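> how would this look folded up:
(2 chains)
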Amino acid sequence: MISMLYFVVESMGSFCSRQQPLNEVDSDENIQAAEIDRRIAQETKTEQHIHKLLLLGAGESGKSTIFKQIRLLFQTGFDEAELRSYTSVIHANVYQTIKILYDGAKELAENEPNSLKYVVRTDNKEIGEKLSEIGSRMDSPCLTKEIAKEIATLWNDTAIQETYSHGNILQVPDCAQYFMENLERFSEVNYIPTKEDVLHARVRTTGVVEIQFSPVGESRKSGEVYRLYDVGGQRNERRKWIHLFEGVTSVIFCAAISEYDQMLFEDDTKNRMMETKELFEWVLKQSCFEKSSFMLFLNKFDIFEKKVHRVPLNVCEWFKDYQPMGSGKQEVEHAYEFVKKKFEELYFQNSKPDCVDRAFKIYRTTALDQKLIKKTFKLVDETLRRRNLIEAGLL
Amino acid sequence: MPQFQQPASWRLEGGGQVIDLETAVKDGILGGGGLPTGKDGTLGAAAEKFDPKKMIEELDSAAEDVPSVFICPISLEPMVDPVTLCTGQTYERANILKWLSLGHLTCPTTMQELWDDAVTPNRTLHQLISAWFSQRYLLVKKRSEDVQGRAAELVQGLKKIKGQARVEALKELQKMVVAHPSLKNALADSGGVALLSSLLGPFTSHAVGSEAIAILVNLSLDSDTKASLMQPARISLVVDMLNEGTIDTKINCTRYIEMLMAEKSFRCEFMLSLSLLVALLRLAKDKRHPNGIAAALNLLEAICSREQVRSSLVSVGAVTQLVELLPNLSPEGSAPALHILADLSTIPEGLSALKDCPQTIPNTVRLLMRASEAGVWYALSVLWAVCKLAPDECASLAVEAGLPANLLLVIQSGCNPELKQRAAELLKLCSLNYTATLFISKCKLTRTIQ
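Residues are numbered from 1 along each chain as shown, chains lettered A, B, ... in the order given. This is a model prediction of the structure:
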């Protein structure tokens, strides 16, 4: 670049020297303009080789966890400063969790038929009230050893345990158990969150975050560049900004399949799975994604696995025609295949005939499992590279 | 008929005579190149051990390098029991005896009249043939053992290597299986098949999966293996490859699924996903690859025979896509497509889709003249169903498209009676809404046919 510019300057210089000196100012500007044009052309060309991936999905479907996983896998991961920055988040999550459980127990004790099992022990009530108050503050205090002990005591109360196991109508976060089991560690004076802690930490995404990365393959010169975008999952104003993502290479739609018996955070009368279904339909119909590949991540399989035995799929209206087949691992597989088929049907019902060449693949994921995400992403990468070759007519 | 010719190689350097049989074969006197002998340099013992008839059967005796003097002029097959006539010509005993028993008293090759109908066993030729085939048998056996050794090596290696090396090993194994049919059984025994199945899973890359399928599709698998291959994750993998692969991969996947479908334990509702149906339709429409179109249509035809899947097929728009495909198909190729449409016309959604598609009637009518007999039968089924559903609308469309004239030609052709009857019924259905004269004029019939 520089040598070319030099040459241009040289030749322009020699050209100009034949003319009047008045033009020298103009020629400088011309050089600059040419340089800018060249720069823009080059960057546009580079931009075209960047595959843009958009993470979409309802709130708490696991998009941000996937985002963090990609950072851990393909970038330098989290440095100590960033890890430390999550301490207050994790402490806040702990307070929020126990508050939801305590308040939830009270609610269930009032409304449920066999209410007695949700009544917290008298000597724990005081702790419960205190923690509930802390959890409602905007800024939660640091998690000390004493408070951690109190939380642990309350967590072990049978009423709270009952509440937890029937927590689908409340907004108990999925990682509640993880937080409660690690209280001692979280309350250490020199606590620095681990990678796993960060993956579990729950922060509501606002706005858009993006990272650029290059998956390193076997042959280190794999060279594909990806840019991953994560947008907030809550309902507000999706319509307005979705068009900014016109022409992305691929939409990665996250659907938490374990949520078939849970209600929305924004609207606790709406079933989460139904919300996901409607969102997926809406996304499929957007003309800006007509050429984009669709990767569907059926997420939170680990929770789904366990729940299927306790809670029948039919509690969700979309799955009302489900017929259980047996038990054990086979039943889990059967249930999973049923859900997968439903999403597949939804996809084909909502894709116009001219979108038929769009790639559509379904992956079973557990966003917290790094190895799994790595393997899954490897497959996504292979598919997108093949797509590229097919489109270029090379395959 | 090949005349007995003295091959040039009979002439030895220096004009010596061939005394030693083994040497003659070994030195390639009989043509076909020199063959390696057994360990001790002789083939006498080997020649005794093998039954010539069995050897000839086992070896590919259609191979071009069987010396022409070994071939019976009547059957063009290598001779197991050569006998010579008085004219000096040699034939396979059974064949020449049959010739003579039919009353012929001539030598088949020279056409000379036989002055003596005795046949003399040609022991020399018999020994030469035995020796040559024993040699060849040993050679092929040796080669095949080598091949099996190499294959076993590859299979063992596959357990450990990963990535690109694994893909390369699979490619080599696939070439070997195609070139050496004897490997098919060997692979099953040595655990190769089990290994290949285990390579297919939810995280299998396309590169590995497509090579594994390319091998599996050439083997004959037992029921247990096929049952294990029907796990949903493995089927999903195959469907993905059907969507994304090269044309060869796509065709392999199609054949693979056809193979699995033949099993009793194949559960259509679970295995035949919408993605698979869409992928097959896409393959059927790819004009660049006619063999892909044929493969896809054949599998779709087989799938459509299972009633449970028909409504799924209609829901992904199969009707319109197949109808629009009809004009591009060859006469033989159109039969499967018409069969599928005929099957789909048996369900309400399918029938209404056929009626709603504007090209159904014109395209099917045109095919009546081009398709095979089976195709015509299905085309008539489709037309009958559609016209029965909406006689007023469809019958007139059919007449506009020239159906009656085609029907008359079908009726008059030399096809089977059921077909003629069907055509006649359809013709009657079409004519219902017209007066006789109007109908005849619409059909543009000539006086004679009237």
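> Pull the number of nearby residues for B:Leu102.
Number of residues near B:Leu102 (other CB atoms under 10 Å in any protein chain shown) recorded here: 7. All C-beta spots, glycine's among them, are computed from the backbone N, C-alpha and C.
> And it, how far from B:Glu77?
Applying CB to CB, to the nearest Å, the value for B:Leu102 to B:Glu77 is 19 Å.
> do the same with B:Ile257
Distance of B:Ile257 to B:Glu77, computed by CB to CB: 40 Å.
> Between those two, which has more neighbouring residues?
B:Ile257 (24 against 15).
> name the helices or strands packed onto the helix or strand hosting that one?
Assigned by DSSP states H and E, B:Ile257 belongs to helix B:247-261. With contacts taken as 3 or more CB pairs under 8 Å, 6 or more residues apart in numbering or on different chains; DSSP states H and E, helix B:247-261 sits against helix B:206-216, helix B:223-229, helix B:232-244, helix B:274-284, helix B:290-304.
> ranking these by mean pLDDT, which is last?
Here the lowest mean pLDDT among the helices and strands packed on helix B:247-261 goes to helix B:223-229, at a mean of 85.
> any residue of that helix up close to chain A?
No: using CB under 8 Å from any CB of the partner chain, helix B:223-229 stays clear of chain A, coming no nearer than 13.7 Å.
> re earlier: next, the buried residues of the helix holding B:Ile257.
Of all the residues in helix B:247-261, those buried under the rule 16 or more other CB atoms under 10 Å in any protein chain shown are B:249-257, B:259-261.
> Closest one of these to chain A?
B:Thr249 (10.0 Å; CB to the nearest CB).
> Give me the spatial nearest neighbour of that closest one, chain neighbours excluded.
Nearest residue to B:Thr249, sequence neighbours excluded (CB to CB, 6 or more residues apart in numbering or on different chains): B:Ser210, at 4.4 Å.
> Just the pLDDT for whatever residue of the stretch 51-200 of chain B ends up closest to chain A.
Proximity of the stretch 51-200 of chain B to chain A (CB to the nearest CB) peaks at B:Gly163, 5.0 Å away. Looking at B:Gly163, its pLDDT stands at 80.
> just B:Gln412 next, same as before
pLDDT at B:Gln412 comes out at 79.
> tell me the contacts of it?
Remark: with contacts taken as CB atoms under 8 Å, 6 or more residues apart in numbering or on different chains, B:Gln412 is in contact with nothing.
> Dihedrals phi and psi, the residue of the stretch 51-200 of chain B closest to chain A?
Torsion angles at B:Gly163 (phi, psi; degrees, to the nearest 10) stand at phi 60, psi -140.
> number of nearby residues for it?
B:Gly163: 13 neighbours (other CB under 10 Å).
> Reformat the helices and strands packed on helix B:247-261 into a markdown table and put distance to B:Ala118 next to each item.
Formatted as a markdown table, these follow (distance: least, CB to CB, whole Å):
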| stretch | distance to B:Ala118 |
| --- | --- |
| helix B:206-216 | 56 |
| helix B:223-229 | 57 |
| helix B:232-244 | 66 |
| helix B:274-284 | 65 |
| helix B:290-304 | 56 |
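> can you tell which of those helices is closest to B:Ile96?
Distance to B:Ile96, taken as CB to CB, is lowest for helix B:290-304 among those, at 45.2 Å.
> quick one, that closest one and helix B:232-244 angle?
Orientation of helix B:290-304 against helix B:232-244 (axes from the mean of the first three to the mean of the last three CA atoms, to 10 degrees) gives an angle of 140 degrees.
> where does the helix holding B:Ile257 sit relative to the chain's centre, distance-wise?
Relative to the mean C-alpha coordinate of its chain, helix B:247-261 is positioned 14 Å out (CA atoms, centre = their mean, to the nearest Å).
> what sits up against that helix?
For helix B:247-261, using CB under 8 Å, 6+ apart, the contacting residues are B:210, B:213-214, B:216-217, B:221, B:226, B:229-230, B:235, B:238-239, B:241-242, B:245, B:266, B:271, B:276, B:280, B:283, B:286, B:288-289, B:291-292, B:295-296, B:298-299, B:302-303.
> now the angle from it to helix B:206-216?
On the basis of the same axes, to 10 degrees, helix B:247-261 is oriented at 60 degrees to helix B:206-216.
> Would you pull up the residue in chain B closest to chain A?
Closest point on chain B to chain A, by CB to the nearest CB, is B:Phe203, at 4.6 Å.
> what's near enough to touch that residue?
Shown in contact with B:Phe203 (CB under 8 Å, 6+ apart): A:375-376, A:378-379.
> cutoff 6 Å now
Neighbouring residues of B:Phe203 by CB atoms under 6 Å, 6 or more residues apart in numbering or on different chains: A:Lys375.
> Am I right that it is in a strand?
No: under the criterion used here (DSSP: H, G, I helix; E, B strand; the rest coil), B:Phe203 is coil, not part of a strand.
> Tell me the secondary structure at A:Pro173.
coil.
> Please apply the same query to A:Phe265.
Per three-state DSSP, A:Phe265 ends up coil.
> Compute the number of surrounding residues for it.
For A:Phe265, the neighbour count with other CB under 10 Å is 17.
> Same check on A:Lys320?
Applying other CB under 10 Å, I find that A:Lys320 has 9 neighbouring residues.
> State the pLDDT value of the nearest residue to it once chain neighbours are set aside.
Nearest residue to A:Lys320, sequence neighbours excluded (CB to CB, 6+ apart): A:Asn314, at 5.1 Å. On the pLDDT scale, A:Asn314 is placed at 89.
> Please look at A:Asn314 and A:Tyr322 and confirm they touch.
Yes: taking contacts as CB atoms under 6 Å, A:Asn314 lies within contact range of A:Tyr322: 5.3 Å.
> quick one: contacts for residue 180?
Answering for chain A, as no chain was given. Per CB under 6 Å, 6+ apart, neighbours of A:Met180: A:Trp155.
> wait, chain B
B:Val147.
> Count the residues that sit near the residue lying closest to B:Val155 once chain neighbours are set aside.
Excluding the flanking residues, the one nearest B:Val155 by CB to CB, 6+ apart is B:Gly192, at 4.4 Å. Using other CB under 10 Å, B:Gly192 has 24 other residues around it.
> same check, this time on B:Asp117
When neighbours are defined as other CB under 10 Å, B:Asp117 has 11 of them.
> From A:Ser61, how far out is the residue nearest to A:Lys320?
The value you get for A:Asn314 to A:Ser61, if CB to CB is used, is 22 Å.
> higher neighbour count, those two?
The neighbour comparison of A:Asn314 against A:Ser61 (other CB under 10 Å) goes to A:Ser61, with 26 against 14.
> Please give me every residue in contact with the more buried one.
By CB under 6 Å, 6+ apart, A:Ser61 lies in contact with A:254-256.
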